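# I need the structure of the sequence given here:
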Amino acid sequence: MVLLGWGALPAGAASPGEAGKLVSCRLVENDGAGAAEYPVKMYAITYNTPDTDQQMVVASGLVIIPDPSVKKYSLVSFQHGTMVHKQEAPSYPETCDYVPVLKLFAGKQYVVAMPDFIGMGHSTVRHPYMHADTGASACLDMLRATKDLCAQLGVQLNAKLFLTGYSQGGAVTMALQRLLERDYAAEFPVTASAPGGGPYDQVQVWRYGLAHPNKIWTPVAAYMLVAYNRIYGLYPDLGEMFNQPYAGLVDGLFDGAHNLDEITQALPETVQQMLRPEFIEKFNRGGNSAYLAWMVNSTNNWRPRAPVRLYHARGDEAVPFEVAVQTGALMRSLGANVRLIDVGNFEHVQAFFEALPKIKKWFDSFKR
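This is a model prediction of the structure:
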């Protein structure tokens with residue numbers, strides 16, 4: 001059976017309210033060349049998942065499958081880093097920077113699930129950036145939809161599930177593993193997890209961004225504040241957080257139709273220039289609701305059951321290496337099997353390309 005177009009699936013299609021069931025799918029590429037050692041097929045899919053208000057919405061993602069299917073495959077869930085434009089997401093493989101390198105996993109005999117996250121890709125709602133619970137649940141439902149797709153295509157999966165992701169996706173990977181091990185261990189037992197470059201302790205990253213101003217952290221802080229204000233209703237007026245003219249324009253910048261260059265050019269160099277001094281002062285002493293949102297959505301203070309390796313570069317200018325050091329130490333103090341892997345003196349973006357082959361080599365060791 002070959003599934004083409006965005007029409008409803010002929011079997012197993014979702015009805016309203018069924019989280020994780022396929023709504024539609026489209027074969028977007030049948031690739032026998034490039035980085036993959038073996039041919040792969042890529043399917044852009046949509047599926048149901050709950051939003052921050054527990055209302056069902058349609059999310060999207062990309063599934064990469066070895067072609068032809070000749071055995072049982074392990075499943076990898078890959079969570080992407082920060083994106084601001086909807087068409088940067090995996091379900092737009094021609095414009096997603098992560099897709100070419102993630103073909104490596106499928107080409108090396110893995111099925112790869114790449115969720116877009118709510119609000120990205122073909123999703124029509126706003127992206128709840130860095131919201132841990134819906135990041136995790138959207139990935140859980142992507143795994144369910146991926147299993148449904150594989151069943152319909154006759155692709156067999158074994159019992160091994162590997163989790164990985166980078167930057168924002170590193171934190172989402174942590175949240176996903178926590179959700180799976182806490183509530184869905186029977187449905188999705190985790191074999192191993194490899195978060196990379198993640199802001200697991202958001203307050204620690206905030207303080208680093210204030211002390212080391214740069215053009216990376218400013219749009220990220222704005223993105224988080226806009227998203228959390230929508231989710232939690234922190235302030236009725238963005239002017240209570242943002243200086244003018246940014247208070248009047250920042251919400252519109254993160255509508256999924258602007259690229260990072262446009263957003264960066266519209267914002268100042270530093271967080272201190274962008275935000276009201278009294279807001280920063282209250283945040284720093286834990287005196288406002290934004291601080292609580294940062295704390296609630298941190299993913300460092302829990303005990304993983306499956307083995308975890310944290311991949312981080314000591315030269316990371318966006319998320320300091322110390323975040324991974326302290327996260328690993330905290331989790332080990334709780335009894336977890338966590339190891340920190342220093343991928344080298346690389347900046348944030350380059351570190352991903354250094355980490356990914358190491359992550360795959362570690363995952364391969366579980367297949368023996």
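# and after the host helix or strand of Leu310, which helix or strand comes next?
Following DSSP states H and E, one finds Leu310 within strand 308-312. Sequence order places helix 321-333 as the next helix or strand after strand 308-312, per DSSP H and E.
# give the rounded mean pLDDT of that next one.
For helix 321-333, mean pLDDT rounds to 98.
# same check, this time on stretch 154-171
On average, stretch 154-171 scores 97.
# domains for this protein, by residue range?
22-201+303-364, 202-296 (automatic domain parsing).
# just the terminal-to-terminal distance for the first one.
Distance between the two ends of domain 22-201+303-364: 29 Å, counting by C-alpha to C-alpha, to the nearest Å.
# check the spacing between the closest residue to Gly256 other than its chain neighbours and Ala227 real quick.
Distances taken as C-beta to C-beta, 6 or more residues apart in numbering place Lys86 nearest to Gly256, at 4.2 Å, with adjacent residues excluded. The C-beta positions use only the backbone N, C-alpha and C, and glycine is treated the same way. Distance from Lys86 to Ala227, counting by C-beta to C-beta, to the nearest Å: 15 Å.
# now swap in Lys160 and tell me
33 Å.
# higher neighbour count, the two?
Between Lys160 and Ala227, counted using other C-beta atoms under 10 Å, Ala227 has the larger neighbour count: 21 against 18.
# which SS class is Ser74?
strand (DSSP: H, G, I helix; E, B strand; the rest coil).
# is it true that it touches Leu163?
No - using C-beta atoms under 8 Å, Ser74 is not in contact with Leu163; the gap is 11.5 Å.
# who's more crowded, these two?
Leu163 (28 against 20).
# need the contact list for that one.
Val76, Ser77, Gln79, Thr173, Leu176, Gln177, Val190, Ala192, Ser193, Ala194, Pro195 (C-beta atoms under 8 Å, 6 or more residues apart in numbering).
# now it: closest residue in space that isn't a chain neighbour?
In space, Leu163 comes closest to Ser193 once its chain neighbours are excluded; the distance is 4.2 Å by C-beta to C-beta, 6+ apart.
# next, work out how far apart that neighbour and Val58 are.
Counting by C-beta to C-beta, the gap from Ser193 to Val58 is 27 Å.
# neighbour-wise, which of these two wins?
Per other C-beta under 10 Å, whichever of Ser193 and Val58 has more neighbours is Ser193, with 28 against 17.
# this completes my enquiry, with thanks.
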